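Chemist: just the structure for this:
(one chain, ligands or ions: 2)
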Amino acid sequence: MSTIGPIDSSLTPRYAGPASFARLPRLEQVERADIVVAGIPFDTGVSYRPGARFGPTHVREASRLLRPYHPALDVAPFDVAQVADAGDVAVNPFSIDEAVDTIQAAALDLTADGRTLVTIGGDHTISLPLLRAAAERHGPVALVHFDAHLDTWDTYFGAEYTHGTPFRRAVEEGILDTEALSHVGTRGPLYGKKDLEDDRRFGFGIVTSADVYHQGVVEVVDRLRQRLGSRPVYVSIDIDVLDPAHAPGTGTPEAGGITSRELLEILRGFRGLNVVGADVVEVAPAYDHADITGVAASHVAYDLVSLLALRHETGAGSSHQTKEAR
Ligand code: MN
Ligand code: MN
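Modeler: Ligands and ions are numbered 1, 2, ... in the order given. Next up, the predicted model:
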């Protein structure tokens, strides 16, 4: 089945025209879609620096330079799958509760007809309604959560739905497969040892930022894949998993993070996993000199889309030939 690809950059310069993700067509311009990229400009759940509401626009701008072939995964993602940009979900900036409901409904709408959704945030609050929608489609999902922080805290100033609490709420709601929950890249000071005890009780395993350094990407990928098997898995990437040198434009930076190269290589190790949804959150452009964070986030989103596209290339019902896994 033919696809409508990005704007041809040999005809229209990359810096010209409106920015959609990777210069892809808008959802309303295509008859069908396999993978949808959507922005959620919401940051009312942040506890420190605000500004992630401008993340989707910033990541789309930074994504102009993405090209249509991914050599490391040997896939032309926009050829093997119809990928489209659904624009931004309009959410209430004054009511977290209403925004959470709006996001859940939008995610269900955007994943109709078997589409897979890759979301650009927005702060990490948005992952809760996105996980609710994923669980409604697939049952409780496994989770790989890239973040400097655990995001399994209880409340902030009495608020239950914030960017520091989505995964505790998700465990409480029974929408996660607690046999296969992993944090990757955590580091930095906590409120107390109890934070880790609670987190372990919820079922999370932790690959710290230091583990990535000491064990290396290959061993980390092995550990994660053993835990995941063939379960449906949701991948949530807080851009602050990267060291502030690689992602200064974010709300709660922590020293000692992984590099963008390490993050991309770990993601490439997920080839063949049953990824059912993904998000990239916490890009706050006001602190992002030289678009460092926007470029990193756009490449991370491109790798997520490419992983999903590979599944269309190799999946049943595809007209494309099966490629050997490498
Ligand atoms: Mn974080
Ligand atoms: Mn987070």
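
Chemist: close to ligand 1: what parts of the protein are there?
Modeler: Residues of the chain found near ligand 1 (Cβ under 5 Å from the ion) are D147, A148, H149, D238, D240. In short, each C-beta sits where N, CA and C put it, glycine included.

Chemist: which ones are touching the closest residue to E173 other than its chain neighbours?
Modeler: Leaving aside its chain neighbours, E173 sits nearest to R132 (7.1 Å; criterion: Cβ to Cβ, 6 or more residues apart in numbering). Neighbouring residues of R132 by Cβ atoms under 8 Å, 6 or more residues apart in numbering: Q104, A107, A170, E173, I175.

Chemist: how about the residues you listed, which pair is most distant?
Modeler: For the contacts of R132, the farthest-apart pair by Cβ to Cβ is A107 and E173; their separation is 14.9 Å.

Chemist: can you report phi and psi for the residue nearest to E173?
Modeler: When read as degrees, to the nearest 10, the backbone of R132 gives phi -60, psi -50.

Chemist: find me the pLDDT at it, would you?
Modeler: We have a pLDDT of 98 for R132.

Chemist: how about T116?
Modeler: The per-residue pLDDT of T116 was computed as 98.

Chemist: that one reaches A38, doesn't it?
Modeler: No: counting by Cβ atoms under 8 Å, T116 does not reach A38; the two are 11.2 Å apart.

Chemist: state which strand of the protein is the longest.
Modeler: strand 176-186 (DSSP state E).

Chemist: how close does the residue most central in space within the chain get to ligand 1?
Modeler: The structure's the chain has its C-alpha centroid closest to D279; by Cα atoms, centre = their mean the separation is 2.2 Å. D279 sits 13 Å away from ligand 1, taking Cβ to the ion, to the nearest Å as the criterion.

Chemist: confirm V46 sits in a strand?
Modeler: No: V46: not assigned to a strand; according to DSSP: H, G, I helix; E, B strand; the rest coil it is coil.

Chemist: list the residues that contact it.
Modeler: With contact taken as Cβ under 8 Å, 6+ apart, V46 is in contact with A52, D123, T162, H163, G251, T252.

Chemist: which secondary structure elements does the helix or strand bottoming out on mean pLDDT in the chain contact?
Modeler: Scoring the helices and strands of the chain by mean pLDDT, DSSP states H and E places helix 292-314 at the bottom, with a mean of 95. On a contact count with 3 or more Cβ pairs under 8 Å, 6 or more residues apart in numbering; DSSP states H and E, helix 292-314 meets strand 35-40, helix 55-62, helix 77-80, strand 116-121, strand 233-238, helix 260-268, strand 275-281.

Chemist: list of residues touching the third one?
Modeler: Yep, that's helix 77-80 we're talking about. Contacts of helix 77-80 (Cβ under 8 Å, 6+ apart): 3, 5-6, 22, 24, 35, 68, 70, 83, 302, 305-306, 308-310, 312-313, 318, 320.

Chemist: output the below-cut-off pLDDT ranges for the chain.
Modeler: For the chain, applying pLDDT under 70 flags the ranges 314-326.

Chemist: which bits of this protein sit near ligand 2?
Modeler: H124, D147, D151, D238.

Chemist: who wins for neighbours among those?
Modeler: H124 (30 neighbours; other Cβ atoms under 10 Å).

Chemist: got a list of what the residue nearest to the residue nearest to the centre of the chain when sequence neighbours are not counted touches?
Modeler: Nearest residue to D279, sequence neighbours excluded (Cβ to Cβ, 6+ apart): T119, at 4.1 Å. Counting by Cβ under 8 Å, 6+ apart, T119 makes contact with V37, A38, G39, I40, A107, I126, L130, G277, A278, D279, V280, V281.

Chemist: G87 reaches A38, doesn't it?
Modeler: Yes: between G87 and A38 there is a contact under Cβ under 8 Å: 6.9 Å.

Chemist: more neighbours: which of those two?
Modeler: Per other Cβ under 10 Å, whichever of G87 and A38 has more neighbours is A38, with 25 against 17.

Chemist: for that one, which non-adjacent residue is closest in space?
Modeler: Closest to A38 by Cβ to Cβ, 6+ apart is A86, at 4.2 Å.

Chemist: looking at the contacts of R132, spot the one nearest ligand 2.
Modeler: The nearest member of the contacts of R132 to ligand 2, counting by Cβ to the ion, is A170 at 12.6 Å.

Chemist: quick one: contacts for that closest one?
Modeler: By Cβ under 8 Å, 6+ apart, the neighbours of A170 are S127, L128, L131, R132, L143, L176.

Chemist: at 10 Å instead, please
Modeler: Shown in contact with A170 (Cβ atoms under 10 Å, 6 or more residues apart in numbering): 127-132, 134-135, 140-141, 143, 145, 151-152, 176, 178, 181, 202, 234, 236.

Chemist: and it, helix, strand or coil?
Modeler: Using three-state DSSP, the structure places A170 in helix.

Chemist: for ligand 1, see how far away it is.
Modeler: 16 Å.

Chemist: over to G277?
Modeler: Per Cβ to the ion, G277 is found 19 Å from ligand 1.

Chemist: repeat that for G55.
Modeler: For G55 relative to ligand 1 (Cβ to the ion), the value is 13 Å.
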